[in-house]
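[1] Requesting a structural model of the entry that follows:
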Amino acid sequence: MSKIIRTVTLFIILIAILTGCGGLSKADEQDYYEKAIPIGQEYFKKYYDVDVEFNRFEVHLPMSSTIVLYGHVKDDPYTSLSLSFSLPSLRVDSAGGPAEFIDSRKSEEEVNSQ
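    A predicted model of the protein is given here:
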C-alpha cells in the first residue's frame, strides 16, 4: 500500500514539475504586464503626483499570485520604484521605493477630496 502511495505522489510531483507548476506562458505574462502598466501609472499619479516609467517586470508564480513592475520616476532614473499586483485581478498590493518617497503617499481622504 505504501508503495502505491509513494508512486502516486512521485507521479503528481513529476506532472507538476513538467507543467511548470501552473505558470503562465510568456505571452500571458507579457499581456498582464501591458495591462498593468497604465494601472501602475495611474496609481503613482493619483497617490504621489508623479509620472512613472516601467521598464521590467517579474511574475511570481506559483510562489505567490503576483506580478511586480519595476521602473522609476519619469525624468529621475535614480528614484527606483516597484509596484506589486495580485493576479489575475491586477489589484495593487503594495508600492516600493525610497522610504521618504513611499512615506509621502496621499491618504484616501486627500485623494477623494480633490
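
[2] who's in contact with the lengthiest strand in the chain?
    Longest strand in the chain by number of residues (criterion: DSSP state E): strand 76-86. Residues outside strand 76-86 that contact it (CB atoms under 8 Å, 6 or more residues apart in numbering) are 36, 39-40, 43-44, 52, 54, 65-73, 91-98, 101. All C-beta spots, glycine's among them, are computed from the backbone N, C-alpha and C.

[3] May I see the buried residues of that strand?
    Using 16 or more other CB atoms under 10 Å as the test for burial, strand 76-86 gives 79, 81, 82, 83, 84, 85.

[4] Kindly indicate which of the residues you listed lies nearest residue 108.
    Residue 108 lies nearest to residue 83 out of those, by CB to CB, at 17.4 Å.

[5] Quickly list what the closest one is bridged to.
    Residue 83 has these beta-bridge partners by DSSP bridges: residue 69, residue 95.

[6] Strands along this structure, start to end?
    52-60, 66-73, 76-86, 91-96.

[7] low-scoring pLDDT stretches of this protein, where are they?
    Within the chain, the ranges that satisfy pLDDT under 70 run 1-2, 5-22.

[8] The same query, at a cut-off of 90, please.
    Within the chain, the set of residues satisfying pLDDT under 90 comprises 1-25, 60-65, 111-114.

[9] related to what we said a few turns ago, what about burial for the contacts of strand 76-86, which qualify?
    36, 40, 43-44, 52, 54, 67-69, 71-73, 92, 95, 97, 101.

[10] Export stretch 92-101 to PDB, keeping only CA atoms.
    Extracted in PDB, the C-alpha atoms of stretch 92-101 (Å, rounded to 0.1, in the frame of the first residue of the first chain):
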ATOM      1  CA  VAL A  92      -2.400  46.900  -6.400                       C
ATOM      2  CA  ASP A  93      -1.000  45.200  -3.400                       C
ATOM      3  CA  SER A  94       2.000  47.400  -2.500                       C
ATOM      4  CA  ALA A  95       4.400  50.000  -3.700                       C
ATOM      5  CA  GLY A  96       8.100  50.100  -3.100                       C
ATOM      6  CA  GLY A  97      10.800  52.700  -3.400                       C
ATOM      7  CA  PRO A  98      12.900  55.100  -1.300                       C
ATOM      8  CA  ALA A  99      11.300  55.400   2.200                       C
ATOM      9  CA  GLU A 100      10.800  59.200   2.100                       C
ATOM     10  CA  PHE A 101       9.100  58.800  -1.300                       C
END
